[in-house]
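> I would like the atomic coordinates for the input below:
(one chain, ligands or ions: 2)
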Amino acid sequence: MPSADSKPRTLYDKVFDHHIVNEQEDGTCLLYIDRHLVHEVTSPQAFEGLKNASRKVRRPDCTLVTVDHNIPTSSRKNFKNAEEFIKENDSRLQCTTLEENVKDFGLTYFGMGDKRQGIVHIIGPEQGFTLPGTTVVCGDSHTSTHGAFGSLAFGIGTSEVEHVLATQTLLTRRSKNMRIQVDGELPAGVTSKDVVLHIIGVIGTAGGTGAVIEFCGSVIRGLSMEARMSMCNMSIEGGARAGMIAPDEITFEYLKGRPLAPKYGSAEWNKAVNFWSTLKSDPDAHFDENIFLDGKDIIPTISWGTSPQDVIPINGVVPSPDDFQDEARKLACKRALEYMGLVSGTPMKEIPVDKVFIGSCTNARIEDLRAAAKVVKGRKVADNILRAMIVPGSGLVKEQAEAEGLDKIFTDSGFEWREAGCSMCLGMNPDILSPKERCASTSNRNFEGRQGAQGRTHLMSPAMAATAAIVGKLADVREHFVPSPTLAKVAPQVDIQPEVDSPETEDELDRVLDVPADNEPHTNSSAGGGGKSTGLPKFNVLKGIAAPLDRSNVDTDAIIPKQFLKTIKRTGLGTAAFYELRYHPDGKENPDFVLNQGVYRDAKILVVTGPNFGCGSSREHAPWALLDFGIKCIIAPSFADIFFNNTFKNGMLPVVVDDEVALKKIADEAHAGREVEVDLDNQVIKDAQGNKIVSFNVDSFRKHCLVNGLDDIGLTLQMESKISTFEAQRTLDTPWLDGSGYLRRGTRGATRIEAAPVPKTNRGDVKNEPLEW
Ligand SMILES: CC(C)[C@H](C(=O)O)[C@@H](O)C(=O)O
Ligand code: SF4
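Ligands and ions are numbered 1, 2, ... in the order given. Okay, here's the model as predicted:
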């Protein structure tokens, strides 16, 4: 690992530098990944890729799997297995495929019969799997949540999931540093959700593009870990690669006693805390961008439109297109008002609500439920509310809430008390909005159709959603109820202790795990399948019809809606690309949508005139759908980071053209139905006659892979000895990261699939193994 550098560094710089396995001249870095979380939606194609190439999972001990998006949240009283419990065919297949994969690859899995199951971003921290200073990834954009611990945590696409499974590394580049400092104090009734919604309103959904945000200032320092997680969770909604908060006493307190954290009080714990305490930005570290806010200016904030940047204080009125300066925002506002069924000038507090959803990886932790319970205690859900749901983020959160009697408070007031899962956050499961229903939701995305086709989402804090349920309209918690104490500095008490004592000796451990005595280190486990690099069609010159798309902030939910994420294949999604824009609710084609018109049905290139194409979810289904439609190249003024990466992994080329004049020329060619030529070899875009319109930049490594059709897993496997050397050093420096702790602990009565035997450590001499794990 690199030695300390004299140049002042940010927290992000430090964690990034600490994980570099290799750095190329063009700035492409091979980054070691400490923690990999996996769920059913973004993994089937990755496991299939491994199987096809006869590759293994390199570090089962650093991989944790659960099921969350597809599962029903109805009572599991009679639960036997996922196969019987999940009625919807595609959802069932995705979940059972995951269960087969965890068996085949020997991974630890918290399935539906295990109380530790839950939303992937809730269970990682809850178990102590997420630790300060680590790199954490998951095929899910809200991986940013884990940055609350001072880890570098970010969402990846399915190809990258496969890359991490096979190599425990990722190819990436440095991001910019952005600091968002919130000082002062928050007024009563204002929570971290209000703070982060306010921030996204200030910076916009593309504000953090290309950057990692560090949240700091006295307001942030005063937040509990759970409140910090809600903030970092939504940094992706601000377009950032990740959000981070420097670890401190509040962080260490939260981690004490977590099953997968080093054992509190042990030598390893002390060593870890010493290291974690160094994880902060140096006083003179350079930030590329700074935003300073005062806590006192933030009041309870909710969304009015169809983008997380469409936010307003609860005492405001529905905006009008005239309130915006630029044409794109005016247009987006007009469209959002139509979609949301709102009239400019209406006070937000006069808008009636149909459904209330308290849940999601943003706000389904115990403190969130406590805050909501405080509001609803002794009160009844308003008569006009069709459905009010509380969906705990994990089985353990549910158990804790029940121990505190919160379930009773909720059910007495008319809420449904559900089982853990993503639920109505994105409606891949039975919990969805009906068309035109309006929902007060504690989730993180209000995109069109997000909670159900034609559904209308208003984002807010748990206390505000609970207030809306009681009042029957969007409402200000401060006017109706005692402000909720969400900023407690103590770690929430969730009983996260294992049910069975840890085996104390290695022999006992072997017996529990059925590990063969000759315990081989697993660092070379990925060698199967070899380091050959093959795979993608080459991309040199692409000439074809370019379809114009005059929109900004096109999110991946719009490119491929949630109902199409249930596939376990990469192919066949072309007919579903832009589904809700392309088809009317009755299934007929919308003739106004460009891809339904004449020559554009055969488009090979998409020319987007607005910024931030591909924002939101990490679903690689978005580039797969475009590719399957026939589009291999997208030209836009800017892209969201995860989508941008995902396209390259599929042999597609995203081209940034931020020169307005050049972009207009290309869009004019597209509007005229003429062909456009994208010459990657020479990095130029030409018109149909071969006249150059503009040159473009592309990272040299990415270009090299595209023009040669190289699959980068094969390339990375050629770095095997560097990866092994890195791992050996990691074992010396941060031994607590060689995680096998959870494999030592059984679960009495749980129906989880036992992890297949895996070597329990790569630390070499077992006699020196600390017993704490
Ligand atoms: C399914 C997954 C790819 C997606 C994400 O990346 O965020 C989902 O969790 C979401 O919230 O849209
Ligand atoms: S944002 Fe919603 S769908 Fe995505 S992981 Fe979180 S709870 Fe699940």
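> Give me the below-cutoff pLDDT ranges for the stretch 651-773 of the chain.
Scanning the stretch 651-773 of the chain with the threshold set as pLDDT under 70 gives 740-773.
> nope, the chain is what I meant
Looking at the chain by pLDDT under 70, you get 1-5, 482-534, 740-773.
> The closest residue to residue 98 other than its chain neighbours: what's it in contact with?
Leaving aside its chain neighbours, residue 98 sits nearest to residue 40 (4.2 Å; criterion: C-beta to C-beta, 6 or more residues apart in numbering). From N, CA and C alone the C-beta is placed, and that goes for glycine too. Counting by C-beta atoms under 8 Å, 6 or more residues apart in numbering, residue 40 touches 67-70, 94-95, 97-98.
> In three-state terms, label residue 40 for me.
coil (DSSP: H, G, I helix; E, B strand; the rest coil).
> Report the separation between it and ligand 2.
11 Å (C-beta to the nearest ligand atom, to the nearest Å).
> before we move on, what about residue 49?
Counting by C-beta to the nearest ligand atom, the gap from residue 49 to ligand 2 is 22 Å.
> So what's the residue count around residue 690?
When neighbours are defined as other C-beta atoms under 10 Å, residue 690 has 9 of them.
> wait, what's in contact with the residue nearest to it when sequence neighbours are not counted?
Leaving aside its chain neighbours, residue 690 sits nearest to residue 677 (6.9 Å; criterion: C-beta to C-beta, 6+ apart). Residues in contact with residue 677 (C-beta under 8 Å, 6+ apart) are 541-543, 685-688, 690.
> So residue 677 belongs to a strand, correct?
Yes. Membership of residue 677 in a strand is supported by three-state DSSP.
> Can you name the residues bridging to it?
residue 543, residue 686 (DSSP bridges).
> Can you give me the buried ones in the longest helix anywhere in the chain?
Longest helix of the chain, by residue count under DSSP state H: helix 89-105. Neighbour-count burial for helix 89-105 flags 90-99, 101-102, 105 (criterion: 16 or more other C-beta atoms under 10 Å).
> Establish whether that helix and ligand 1 are in contact.
No. Using C-beta under 6 Å from any ligand atom, helix 89-105 never reaches ligand 1; the gap is at least 10.5 Å.
> Just list what that helix packs against, helices and strands only.
When contacts are defined as 3 or more C-beta pairs under 8 Å, 6 or more residues apart in numbering; DSSP states H and E, helix 89-105 packs onto helix 44-52, helix 82-85, strand 108-110.
> Compare those and give me the one nearest ligand 1.
Between ligand 1 and these, the shortest gap by C-beta to the nearest ligand atom is with helix 44-52, which sits at 11.9 Å.
> tell me the contacts of the residue of the chain most remote from its centre?
Relative to the centre of the chain, the most outlying C-alpha is that of residue 689, 43.3 Å out, by C-alpha atoms, centre = their mean. Residue 689 makes no contacts at all, as judged by C-beta under 8 Å, 6+ apart.
> And the one 4 residues further on, by the same measure?
With contacts taken as C-beta under 8 Å, 6+ apart, residue 693 has the following neighbours: 662, 665-666, 669, 676, 684-687.
> Kindly indicate which of these lies nearest residue 613.
Using C-beta to C-beta, residue 666 comes nearest to residue 613 of the contacts of residue 693, at 14.1 Å.
> Using the three-state scheme, assign that closest one.
Under three-state DSSP, residue 666 comes out as helix.
> Tell me, how many residues neighbour it?
Neighbour tally, residue 666, other C-beta under 10 Å: 25.
> Can you give me the distance of it to residue 648?
For residue 666, the distance to residue 648 equals 20 Å [C-beta to C-beta, to the nearest Å].
> Can you list the residue ranges for helices in the stretch 401-550 of the chain?
406-413, 462-471, 477-480, 506-513 (DSSP state H, counting those that start in this stretch).
> closest to residue 25 out of these?
Smallest distance to residue 25 across these (C-beta to C-beta): 44.1 Å, for helix 506-513.
> ok, what's across the strand from the closest residue in space to residue 35 that isn't next to it in sequence?
Nearest residue to residue 35 in three dimensions, chain neighbours excluded: residue 136, at 4.3 Å (C-beta to C-beta, 6+ apart). Here residue 136 sits in beta bridges with residue 35, residue 153, going by DSSP bridges.
> Tell me if I'm right that residue 136 and residue 37 touch.
Yes. Taking contacts as C-beta atoms under 8 Å, residue 136 lies within contact range of residue 37: 7.1 Å.
> For this structure, what lies in contact range of ligand 1?
With C-beta under 6 Å from any ligand atom as the criterion, the chain comes near ligand 1 at residues 41-42, 69, 140-142, 155, 426, 565, 617-619.
> How about the residues of this protein by ligand 2?
Residues of the chain lying near ligand 2 by C-beta under 6 Å from any ligand atom: 68-69, 119, 140, 142, 360-361, 422, 425-426, 443-444.
> Ignoring the adjacent residues along the chain, who's closest to residue 28?
residue 701 (4.3 Å).
> Tell me if the one you found really is in a helix.
Yes. Counting by three-state DSSP, residue 701 is part of a helix.
> ok so, going back, how about the contacts of residue 40, which pair is most distant?
Every pair in these was compared (C-beta to C-beta); the two farthest apart turn out to be 68 and 97, at 14.7 Å.
> thinking again about what came up before, where's the residue nearest to residue 28 relative to residue 359, distance?
Residue 701 is 41 Å from residue 359, by C-beta to C-beta.
> How about residue 431?
As judged by C-beta to C-beta, residue 431 and residue 359 stand 9 Å apart.
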